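Novice: Pasting the sequence and the predicted coordinates here, then a few questions.
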Amino acid sequence: MRDALILILISLCGVGAHSQESATSDAKTRLASAIDRTLAEGHSMALPPHVSHLLGISPDEQEVPVKQAVIMGEPIRGFEVSTAVPDNIVIFVESRAKNESTYYLMSRRGTLRKVLAVIKGTGYSRVPTKDDKLAFETEKQWWLDHLVPKHP
């Protein structure tokens, strides 16, 4: 009886680990699809020189060409993929009412690399905090749901 219980517990742990791996794999696949879709269908835009510089994408303050998906409103949300270096993906949230923007620089694998807050025209670049990481994951999920919705 004890051996049977141990086998059941082991198999349940394996199922839980497998479903977590499956969810992680699904998110990576959806992110890759969102990036590819943005590159194929996005608007040709440019990341402003000061933003690209503060994010560390352009050390000499040059515009960075991107393909962009954007949702206008309050806030304005954007998902941008560098056409020069597709490993540089920027998600931004801009509140015109508050005169604030937040830019999240991530890799193609979905790893948050840097955060830039622009408050009343002044940029503050920083290593991501715990709160930044939570807000970033929320925004990344928002874009996955909009660019690559799950089908039941």
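Specialist: That came through fine. Since this is a predicted model, take the numbers as computed values, not measurements. Numbering: from 1, shown residues only.

Novice: can I assume Asn99 is in contact with Lys120?
Specialist: Yes. Counting by CB atoms under 8 Å, Lys120 is a contact partner of Asn99 at 5.1 Å. (Each C-beta comes from the backbone N, C-alpha and C, glycine too.)

Novice: Looking at the two, which is more packed in?
Specialist: Neighbour count, other CB atoms under 10 Å: between Asn99 and Lys120, Asn99 has more, with 11 against 7.

Novice: Lys67 versus Glu74, what's the distance?
Specialist: To Lys67, Glu74 is 24 Å away according to CB to CB, to the nearest Å.

Novice: same thing with Pro128?
Specialist: Pro128 is 24 Å from Lys67, by CB to CB.

Novice: And for Met45?
Specialist: For Met45, the distance to Lys67 - CB to CB - is 7 Å.

Novice: Please identify every residue contacting each of these two.
Specialist: Glu80 (CB atoms under 8 Å, 6 or more residues apart in numbering).

Novice: More neighbours: the two, which one.
Specialist: Each of Met45 and Lys67 has its neighbours counted (other CB under 10 Å); Lys67 has more, 20 against 16.

Novice: how about the strands in this protein?
Specialist: 43-47, 64-71, 76-82, 89-95, 100-106, 112-119, 122-126 (DSSP state E).

Novice: Is it possible to get TSV of those that adds mean pLDDT and distance to Val148?
Specialist: Converted to TSV, the strands of the chain look like this (pLDDT from 0 to 100; distance: least, CB to CB, whole Å):
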stretch	mean pLDDT	distance to Val148
strand 43-47	96	18
strand 64-71	96	11
strand 76-82	97	11
strand 89-95	97	14
strand 100-106	96	16
strand 112-119	94	19
strand 122-126	88	29
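
Novice: With distance to Leu31 added, can I get the ones you listed in JSON lines?
Specialist: Shown next, in JSON lines, are those (distance: least, CB to CB, whole Å):
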{"stretch": "strand 43-47", "distance to Leu31": "19"}
{"stretch": "strand 64-71", "distance to Leu31": "13"}
{"stretch": "strand 76-82", "distance to Leu31": "10"}
{"stretch": "strand 89-95", "distance to Leu31": "9"}
{"stretch": "strand 100-106", "distance to Leu31": "9"}
{"stretch": "strand 112-119", "distance to Leu31": "12"}
{"stretch": "strand 122-126", "distance to Leu31": "23"}
